[in-house]
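Participant: no sequence for this one, just the structure:
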């Protein structure tokens, strides 16, 4: 019972049992372990080596500030890279590269062109490099081949294709944008010309009725109305004078003799003098009631001025007639002859009356013309709201067309500058940072990785063989297993008594095991070192 209690603490670890298994099965472990590693490691040297060449292409941003020149190519860089990749990896482009560089010479003997192209696509790898804001800042291009020089050459060709294709694509898009804006600008220019022609025709058809001429029309109408008022006043005065002259003529014709005035003036002058006296008396009466600005006062003053003018003219005519009679001799009647003076006065009054009638006709014609002009300008003013609406509609269309034209002109000029920038390669472009590398070690197979894989496979194989052998072995190797099989309790134990030969045999097996383990690990370390150094 005491023995059973002493053995229980050791049952959980059972280290002695594992050590015994290792001693018995170390060769069963080492041989499969070494064989597994050796097979995988040897396969890394048997498989055909493939070399991988790569290059880094930087996405260079425009060198010109956007405040000065705005790029007219604003598509997504990733979408453009996908488009360029599809074009470069197209069947036609890859077949051209394969035939030009004589790639896959052996494979083409049993592969059709589509399979060869698919093989090359698998050998090409494009890796994007993103910045802090998840923006593409650069990308790597890799190509794998059995020949390192071929891998470098193909990578260089692919790099040149990417750079040239991106440049050509951006230039083409920029030129297409500029051409599109030019066509739109031409359409806008034609629309603007049509609107200008409509405005010009409208202005020519409705000259003087335009909203912009409203103030001038009002001023002209006001001036015409003032002129009409003056002409009507003058016409009324002329008509009054006509009545007066007619009465004077009738009086002169009915009077038998002509009475001289105190200064010896002919007949007619006294009547004018009497009229002047009457008018002046009337003016004095009106001045006592009204100011000089009153219309009646002003009209009366004008009438007095005209009467005085007529009097002066009558006096001048009489003097001229007297001088003519004196120069002609006795054939003419003397100025002192009453009949002669009476006839001269009648002739003078008839002349004045005829002049007055001509003035009245002219005044009436002028009044009619002014009224016609006033009616015309009033008609223009009446049409002004309609013309304003029509002109507003035309102006609105013209302003919209002009704004559209100006906007397109600005965009076209900006696009032309952006296109020039793209043609000068000052826009966004790809720049090769690292030239395609010449690989000195193969990318596949990675012999150091294969060495590690061989170790893992060897460990699994060795453990499986050693464990399987131990599991299938039905022999007993310790007293504990024997005790579990006996139906009775063991009272005593007889220790193992080994002879000297047996001890020497065990010792040799032990040293042989250690030597084998050392040799295996030495070979593995050597193989790993060779894989690391030679790739």
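Facilitator: Received, thanks. Because the structure is predicted, anything quoted here is derived from the model rather than measured.
Participant: what distance separates stretch 298-315 from the centre of its chain?
Facilitator: 81 Å (CA atoms, centre = their mean, to the nearest Å).
Participant: what sits up against that stretch?
Facilitator: If you take CB atoms under 8 Å, 6 or more residues apart in numbering as the criterion, stretch 298-315 is touched by 233, 236-237, 240-241, 265-266, 268-269, 272-273, 275-276, 279-280, 282-283, 286, 292, 348, 352. The way it works is simple: take the backbone N, C-alpha and C, and place the C-beta from them, glycine included.
Participant: Show the contacting residues for residue 202.
Facilitator: Neighbouring residues of residue 202 by CB under 8 Å, 6+ apart: 390-391, 394.
Participant: again, but for residue 391
Facilitator: 202, 210-211.
Participant: check which helix or strand covers it.
Facilitator: Taking DSSP states H and E as the definition, residue 391 sits inside helix 338-423.
Participant: Distance-wise, check the residue nearest the centre of the chain relative to residue 191.
Facilitator: Centrality entry for the chain: nearest residue to the mean C-alpha point is residue 411, 6.5 Å, by CA atoms, centre = their mean. Using CB to CB, to the nearest Å, residue 411 is found at 16 Å from residue 191.
Participant: Residue 84 too?
Facilitator: 39 Å.
Participant: Next: residue 298.
Facilitator: 61 Å.
Participant: And residue 106, by the same measure?
Facilitator: Residue 106 is 67 Å from residue 191, by CB to CB.
Participant: Residue 460 too?
Facilitator: For residue 460, the distance to residue 191 (CB to CB) stands at 82 Å.
Participant: Next, the contact list for the nearest residue to residue 39 once chain neighbours are set aside, please.
Facilitator: Among residues not flanking residue 39 along the chain, residue 454 sits closest, at 7.2 Å (CB to CB, 6 or more residues apart in numbering). Contacts here follow CB under 8 Å, 6+ apart; on that basis residue 454 touches 36-41.
Participant: So between residue 460 and residue 191, which is more surrounded?
Facilitator: The residue with more neighbours, out of residue 460 and residue 191, is residue 191; 17 against 13, by other CB atoms under 10 Å.
Participant: which residue packs closest to that one, ignoring adjacent ones?
Facilitator: Residue 191 sits nearest to residue 401 (CB to CB, 6+ apart), 4.9 Å away.
Participant: do you know how far the one you found is from residue 461?
Facilitator: 86 Å.
Participant: that older thread, can you tell me which of the contacts of residue 454 has the most neighbours?
Facilitator: Busiest of the contacts of residue 454 [other CB under 10 Å] is residue 37, holding 27 neighbours.
Participant: Let me see the confidence value for it.
Facilitator: Looking at residue 37, its pLDDT reads 88.
Participant: Just the ones of the contacts of stretch 298-315 in helices?
Facilitator: Members of the contacts of stretch 298-315 lying in helices (criterion: DSSP state H): 233, 236-237, 240-241, 269, 272-273, 275-276, 279-280, 282-283, 286, 348, 352.
Participant: Among the residues you listed, name the buried ones.
Facilitator: 237, 241, 269, 272-273, 275-276, 279, 283, 286, 348, 352 (16 or more other CB atoms under 10 Å).
Participant: Closest one of these to residue 99?
Facilitator: Closest approach between those and residue 99, by CB to CB: residue 237, at 114.4 Å.
Participant: residues in contact with the closest one?
Facilitator: Residue 237 touches 299, 302-303, 306, counting by CB under 8 Å, 6+ apart.
Participant: Residue 136 now?
Facilitator: Residues in contact with residue 136, defined by CB under 8 Å, 6+ apart, are 59, 77-78, 81, 128-130.
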